[in-house]
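**Q** prediction below, plus the sequence it came from.
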Amino acid sequence: MRAMVLKEFRELRRDKRTLAMLIGLPLMLLIIFGFAANFTVDTLEVAVAGSDADQVEQLVASNPQAEDELDIVATEPGEGEAWARDQLADDHADLAVVTGDGLADDSGGTPLVLIDGSNLFAAQAANVVVAGLGDQVDHEVLYNPDLTTSWVMVPALIGLILTFIGTLITSIGLVRERESGTLEQLAVMPFSSTAVILGKITPYFLLACVDMVIVTVLGMWVFDVPFNGSVVAFVLGAGIFLFAVLGIGVLISTVSQNTGQAVQVAMMTLLPQVLLSGMIFPLDAMAAGVRWIGYLFPLTWFTKISQGVMLRDASWEYLALPLGILVVMACVFFGLAVLRLRRSISPARSHTPQVEGAADGVEAR
Amino acid sequence: MTALVGGDGAGKTTLLRALLGRVPLDGGSVSVPDLRRVGYQPATSGVWPALSVDENVEFVGRAYGMSGAEVRRRRDTLLGAAGLDAAGDRLGRELSGGMRQKLGFCLAMLHEPEVLLLDEPSTGVDPVSRVELWKLVADASTAGAAVAMTTTYLDEAERAATVVALDAGHVLAAGDPAAVRDAVPGCVTTSATRPPGERTWRRGTAFHTWHPEHPEHPEHPVHPRHAKAAGGGTPHGTVIEPDLEDALIALTLARTAARPEQREEAVA
């Protein structure tokens, strides 16, 4: 049995990926669950509109507890309810307060608190604050009035499924070609390297598109998830996002020799994406360092787009940032992936011819 | 038809890959027609495991821009000759090793290439399938294709017009099989018991030994054929005319003998 244990340790020592997983995974889980796993949003971002906006700001500033919980990010005495709604739609604030002449005429002068229901945990915290104010204010939960979890989860889930297909399935499909030795065969067939790469990736791109439509329609049909925004923005975001995750998938396949390795690496990129993208734990509630790791993942930005478009009908102004970041990510990941894949299938470049005999000086003739 | 022979790690596959432009050249030059006119069978057979036999053929045919009718014609000819015509619906991964190698060969041959590069097409193939495979290779060669194949079976290499014997990336000898056999320095002897020394290998029940110099004339390496003509009996057995397998082993030993630092490795 000792021989068996020794052999196992020897094999393990040479399996760098498993070793990395053994050391990296506990560390990663510790960081994630220590710093990121937090459902409680401590500070709510508030936008205030209407003629009494300044008074509200002073009121908050004079109350230590309120000052702790509320962070007034915008005060616009000249604006009204429409502005306040825009602030929530574009995720500038978690709740908005409309006061004085900013209110609609039939409101009777009671300040109105609008809460962004698409930000589930912030909305729950905001509900507690509003409940404490009793009859002093009217309140309305926008976008997700019943704070249904599935409404928030389904848009994020679409991104997760696209990530799954793009990263895991694509890398397996590509690495299988390497494993069976047929990638070498493709390389010497009369295909351009572009044709091989596109021919290999297009089916997965199409499959992911079909899956995206199915999940979106099913989500809307089974869970009554609304689709309030622009279909064009959603499709555009999903398309760019898909290029980014396909790029990651292809990259994984170029550093893997077999399916097992590809699955291992893909899982190591999927797990942190699921946990740090904001789809489960709110980004606002994470420690800054961990949140910034989250910002490095495409899923984080696609979730912002899908939730923004489907639930809040977010403006193009808001969508520009996540879209732009996804474009950069898609260019980097996909570009790197294509370069690496191309290098593995295009003809070798000759070395500079060496001085004859230099390479085999010791050879006996 | 050229056979590339040599032990494991001799550089046979690397040479084929260099011909395909898949590895950079350290020196020399490669002149191979456009890849469209080259057929290549990798050592892994080059069969797509999740495609059926017919789908494999169809895919390769399309890749080379063949018409549907042409693909069908070639399919019937090649799969018929390979005894695979009844297996059209079977998946690549369900084929036996021999069948898969034969299909790999048919795929490499499908577009009637001018140059056919085969990497160990017969390794792991049963003797009956090897006969069939060889008939296919011979037919292609007769039809005018230039064939270069790597093999570890020296009896196969005897049938090639040219044999290139390789060891550790160096050409030990090249030419027709007789020329390669003649290139062995010293002589090879056979005996019923193991003689002392490290330059002995088993062939069947006999022991063959390579001697850097002819035992009777140490100062003059003698061609074994002449030695035999002289009736050369030696203390270690009878001088024989080496076959290709003996020749390859003797040539490899001769190369290692000249490079003492490699001797240990070769003996191990």
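**A** Yep, it's here.
**Q** ok, the nearest residue to residue A:144 once chain neighbours are set aside to chain B distance?
**A** Of all residues not flanking residue A:144 in the chain, residue A:117 sits nearest, at 3.2 Å (Cβ to Cβ, 6 or more residues apart in numbering or on different chains). Placement of C-beta: from N, CA and C, glycine included. According to Cβ to the nearest Cβ, to the nearest Å, residue A:117 and chain B sit 47 Å apart.
**Q** just checking, residue A:117 touches residue A:149?
**A** No: in this structure, residue A:117 is not within contact of residue A:149 by Cβ atoms under 8 Å, at 11.0 Å.
**Q** more neighbours: which of those two?
**A** For the pair residue A:117 and residue A:149, the greater number of neighbours falls to residue A:117 (25 against 11), based on other Cβ atoms under 10 Å in any protein chain shown.
**Q** and the residue nearest to residue A:144, what does it touch?
**A** A:123, A:141-145, A:147, A:151, A:311 (Cβ atoms under 8 Å, 6 or more residues apart in numbering or on different chains).
**Q** if we go to 6 Å?
**A** Shown in contact with residue A:117 (Cβ atoms under 6 Å, 6 or more residues apart in numbering or on different chains): A:123, A:141-144, A:147.
**Q** for residue B:246, same thing?
**A** B:188, B:208.
**Q** any idea which helix or strand carries it?
**A** If you go by DSSP states H and E, residue B:246 is part of helix B:244-258.
**Q** again, but for residue A:122
**A** helix A:120-133.
**Q** next one: that helix to chain centre, how far?
**A** Centroid separation for helix A:120-133 versus its chain: 26 Å, with Cα atoms, centre = their mean, to the nearest Å.
**Q** what do you get for stretch A:135-147?
**A** With Cα atoms, centre = their mean, you get 28 Å for stretch A:135-147.
**Q** show me what it is in contact with.
**A** A:88, A:110-115, A:117-118, A:123, A:130, A:151, A:311-312.
**Q** neighbour-wise, which of these leads?
**A** Ranking the contacts of stretch A:135-147 using other Cβ under 10 Å puts residue A:115 first, with 28 neighbours.
**Q** and that residue, that's in a strand?
**A** Yes: according to DSSP: H, G, I helix; E, B strand; the rest coil, residue A:115 belongs to a strand.
**Q** how about the residue in the stretch 51-200 of chain A positioned nearest to chain B: what's its closest non-neighbour residue?
**A** Nearest residue of the stretch 51-200 of chain A to chain B, counting by Cβ to the nearest Cβ: residue A:181, 2.9 Å away. In space, and not counting its chain neighbours, residue A:181 is closest to residue B:44: 2.9 Å by Cβ to Cβ, 6+ apart.
**Q** report pLDDT for residue A:206.
**A** Turning to residue A:206, the model gives it a pLDDT of 92.
**Q** what's the closest non-adjacent residue to residue A:267?
**A** Sequence neighbours aside, residue A:168 is the residue nearest to residue A:267 in space, at 7.6 Å (criterion: Cβ to Cβ, 6+ apart).
**Q** that neighbour and residue A:271, how far apart?
**A** In this structure, residue A:168 and residue A:271 are 12 Å apart, going by Cβ to Cβ, to the nearest Å.
**Q** spell out which parts of chain B neighbour chain A.
**A** B:20-27, B:35-36, B:40, B:42, B:44, B:46, B:48-49, B:63, B:258-259 (Cβ under 6 Å from any Cβ of the partner chain).
**Q** count of neighbours near residue B:38?
**A** So residue B:38, with other Cβ under 10 Å, has 23 neighbours.
**Q** can you check residue A:230 too?
**A** Neighbours around residue A:230, by other Cβ under 10 Å: 16.
**Q** show me what contacts residue A:118?
**A** Residue A:118 neighbours (Cβ under 6 Å, 6+ apart): A:143-144, A:307, A:311-312.
**Q** could you rerun that using 10 Å?
**A** Residue A:118 is in contact with A:88-89, A:91, A:94, A:141-144, A:147, A:151-152, A:155, A:228, A:307-308, A:310-312, A:314, counting by Cβ atoms under 10 Å, 6 or more residues apart in numbering or on different chains.
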